[in-house]
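In: Okay, predicted coordinates and the sequence, questions at the end:
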Amino acid sequence: MTQSWDRIYTPHRLEYLRAVNNPDACPFCAAPDLEGSEELDLVAHRGDVAYVVLNLYPYNAGHLLICPYRHVADFTELTDPERDEISMLTQEAMETLRAVSGAQGFNLGMNQGSISGAGIAAHLHQHVVPRWGGDANFMPIIGQTKVLPQLLTQTRDLLQEGWIQRH
């Protein structure tokens, strides 16, 4: 009997999914409260009014999301301090990813509203996706599978250490 590659099992992620996918809770409101749990805490850096978290469904290794702590959906609803810190954390995320992973470029973006493709439209988040020459290959197209070179918690640890070293 041959094994089909349409499924990849990651049972260690179930506890995290239960915590952040509660239909009555926003995962971006829950994420900062998971501090201290090695398997659940994917926050790379905590600021005053915003934080940086690894994307649970990354496009690339090191794919970060920058979120205000406050539950707000639209960029125009941000306070000046929230807007400024999200911008600053985006810059710091790029610098940190360059330092710890040698990222050669980035995709940055926000999808505003579900019609624009926001998976979680109710809580604003800025994507920071590191890119490298040749990082796209046949796996997502032919194999319908993304290959990431390290666990999210390992990536988070590298980013936290890189953030600390920058300051």
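Out: Okay, I see it.
In: Need phi/psi at Asp41.
Out: Dihedral pair for Asp41: phi -80, psi 110, per degrees, to the nearest 10.
In: Pull the contacting residues for it.
Out: Neighbouring residues of Asp41 by C-beta atoms under 8 Å, 6 or more residues apart in numbering: 34-35, 156. Where you see a C-beta, it was placed from the backbone N, CA and C, and this is true even at glycine.
In: and which of those residues is nearest to His71?
Out: Leu34 (16.2 Å; C-beta to C-beta).
In: The closest one against Phe28, yeah?
Out: No. Contact criterion C-beta atoms under 8 Å: Leu34 and Phe28 do not qualify, at 11.5 Å.
In: which of these two has more neighbours?
Out: More crowded of Leu34 and Phe28, by other C-beta atoms under 10 Å: Phe28, with 20 against 17.
In: rewinding a little: just put the contacts of Asp41 in CSV and tack on distance to Leu42, pLDDT and secondary structure.
Out: Listed next are the contacts of Asp41 as CSV, based on distance: C-beta to C-beta, whole Å; pLDDT from 0 to 100; DSSP: H, G, I helix; E, B strand; the rest coil:
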residue, distance to Leu42, pLDDT, secondary structure
Leu34, 8, 76, helix
Glu35, 10, 71, coil
Arg156, 5, 87, helix
